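# coordinates only, no sequence provided:
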């Protein structure tokens, strides 16, 4: 019995000592296992992403009273001629108005805003007899977003065709052509579309166009974030969405906090996703967007999108990763457009930008666009403004466009 008691006591002591030694190991193993399960759940979200991410049109608007609908940051009738077009990629919100026999103009807006951002220019051209068409890019405004497809120039070119096909009048039949206007990201989309379908176009107007932004302006952090091989897109959208929705209202930066747009500092400035998100939101001058609702603003509309549109964050992230933004990604597209211009001498391009734009650097844009497109088919115009000039100077922009067409 003494032998049994002694050996049992020794066994229990050894066992307890071993357990105490192993406790840190088990703790680390458990934490690692929990972290692995959490990361796996994030990484597997891609398989769970809905094919269609719904806009507020179907998730928010139906529960509102008529009086509340009129108070929305993006009222349903914010622009004339609204219609919703059902497509395999989700519903698309399209606006179309103006004389049916007028010059036809299709507008493509930027990465952050709904098409409302170019509404002021559309009103001005419609006043001059143009037939205008605007639509919300996937994941913005009242357009749904396909959650399982990269938002690149291929998808956006398809969306242009879908919007055109929904019109009650023909935009491309019997030799008809239209003018294509793209702002910011929309400028990169317009350049890509024109490089494939020049026979459909009368002219191309690019307002502070993306597509030729030099890589040296992108911060290291943004390079890591937007390399899809480093952080999966669904994980990035999840993290960015949490940050945006938990933060304060999206507000424009004061001038003192903006990136330099001129001088040696501009060439060395570093841009982040936040810069891309807020640059279109500046309010140095009153915005002129909607005739029906003159007091609405882009910052309020974007903030509402962040909180209510199921596909906005995912669409923004996907466009940053796959959209026609950076020069290294899009140089072949612009070179192809240059060859198209050489073969279609009647197709002309007007490029407009702000003198103080900290995203699209004026001198670099002129140098790079001229290098790939040549000097015969391209004209430039400049404004004493930043990246936001289409929403604050619509009359001046429309005047330059009409002069470019020889209508002024």
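That came through, no problem. Model, not experiment: these values are computed from the prediction.
# what are the boundaries of the strands in the stretch 1-150 of the chain?
52-53, 82-87, 90-97, 104-108, 131-135, 145-146 (DSSP state E, counting those that start in this stretch).
# may I have the strands that pair with the fifth one, each with its orientation?
The strands that strand 131-135 pairs with in its sheet are strand 90-97 (antiparallel), strand 104-108 (parallel) (by DSSP bridges).
# give me the contact list for that strand.
Strand 131-135 is contacted by residues 79, 92-107, 109, 115, 118-119, 122, 125-126, 143, 159, 163-164, 167, 169, 171 when judged by C-beta atoms under 8 Å, 6 or more residues apart in numbering. Glycine gets a C-beta too; all of them are placed from N, C-alpha and C.
# for that strand, the distance to its chain's centre please.
When distances are taken as C-alpha atoms, centre = their mean, to the nearest Å, strand 131-135 is centred 18 Å away from the chain's centroid.
# use 12 as the first number for this chain going forward.
Let's use 12 as the start, then, which means that last one is strand 142-146.
# that one versus strand 93-98: what angle between them?
Calculated by axes from the mean of the first three to the mean of the last three C-alpha atoms, to 10 degrees, strand 142-146 forms an angle of 60 degrees with strand 93-98.
# sorry, back to before: buried deepest among the strands paired with strand 142-146, which one?
strand 115-119 (a mean of 25; mean count of other C-beta atoms under 10 Å).
# so for that one, what's the average pLDDT?
Averaged over strand 115-119, pLDDT sits at 98.
# columns distance to residue 319 on top of the strands paired with strand 142-146, output as TSV?
Putting the strands paired with strand 142-146 into TSV (distance: least, C-beta to C-beta, whole Å) gives the following:
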stretch	distance to residue 319
strand 101-108	14
strand 115-119	23
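# and those: which comes nearest residue 361?
Residue 361 lies closest, by C-beta to C-beta, to one member of the strands paired with strand 142-146: strand 115-119, at 12.2 Å.
# residue 313 is nearest to which of the strands paired with strand 142-146?
strand 101-108 (15.7 Å).
# list phi and psi for the residue most central in space within the chain.
The residue lying closest to the centre of the chain (C-alpha atoms, centre = their mean) is residue 122, at 1.7 Å. Per-residue torsions, residue 122: phi -70, psi -30 (degrees, to the nearest 10).
# buried sites along the helix or strand hosting residue 324?
If you go by DSSP states H and E, residue 324 is part of helix 323-333. Using 16 or more other C-beta atoms under 10 Å as the test for burial, helix 323-333 gives 323, 324, 325, 326, 327, 328, 329, 330, 331, 332, 333.
# excluding sequence neighbours, find me the nearest residue to residue 72.
residue 80 (6.5 Å; C-beta to C-beta, 6 or more residues apart in numbering).
# local confidence estimate at the one you found?
At residue 80, the pLDDT value in this model is 94.
# burial measure for it, as a count.
Number of residues near residue 80 (other C-beta atoms under 10 Å) recorded here: 14.
# buried residues in stretch 128-140?
Across stretch 128-140, burial judged by 16+ other C-beta under 10 Å covers 128, 129, 130, 131, 132, 133, 134, 135, 136, 137, 139.
# for residue 210, state which of the residues you listed is nearest.
Among these, and counting by C-beta to C-beta, the member closest to residue 210 is residue 136, at 22.6 Å.
# next up, the contacts around that closest one.
109, 114, 116, 143, 409, 412, 413.
# for the strand or helix carrying the last one, what is the distance to the chain centroid?
Assignment of secondary structure by DSSP H and E places residue 413 within helix 405-416. Helix 405-416 has its average C-alpha position 24 Å from the chain's average C-alpha position, going by C-alpha atoms, centre = their mean.
# buried ones in that helix?
In helix 405-416, counting by 16+ other C-beta under 10 Å, buried: 405, 407, 408, 409, 411, 412, 413, 415, 416.
# which residue ranges make up each domain of this structure?
13-55, 65-416 (automatic domain parsing).
# hmm, back to that, quick one, which of the strands paired with strand 142-146 is nearest to residue 208?
strand 115-119 (11.4 Å).
# other residues contacting the closest one?
Contacts of strand 115-119 (C-beta under 8 Å, 6+ apart): 126, 129, 132-133, 136, 141-145, 148, 167, 171, 174-175, 182, 187-194, 196-198, 200-201.
# ok, now with 7 Å
Around strand 115-119, the neighbours that count as contacts under C-beta atoms under 7 Å, 6 or more residues apart in numbering are 126, 129, 133, 136, 141-145, 171, 182, 189-194, 197, 200-201.
# including pLDDT, could the buried residues of helix 405-416 go into JSON lines?
As requested, those are exported to JSON lines (pLDDT from 0 to 100):
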{"residue": "405", "pLDDT": "97"}
{"residue": "407", "pLDDT": "97"}
{"residue": "408", "pLDDT": "98"}
{"residue": "409", "pLDDT": "98"}
{"residue": "411", "pLDDT": "98"}
{"residue": "412", "pLDDT": "98"}
{"residue": "413", "pLDDT": "98"}
{"residue": "415", "pLDDT": "97"}
{"residue": "416", "pLDDT": "97"}
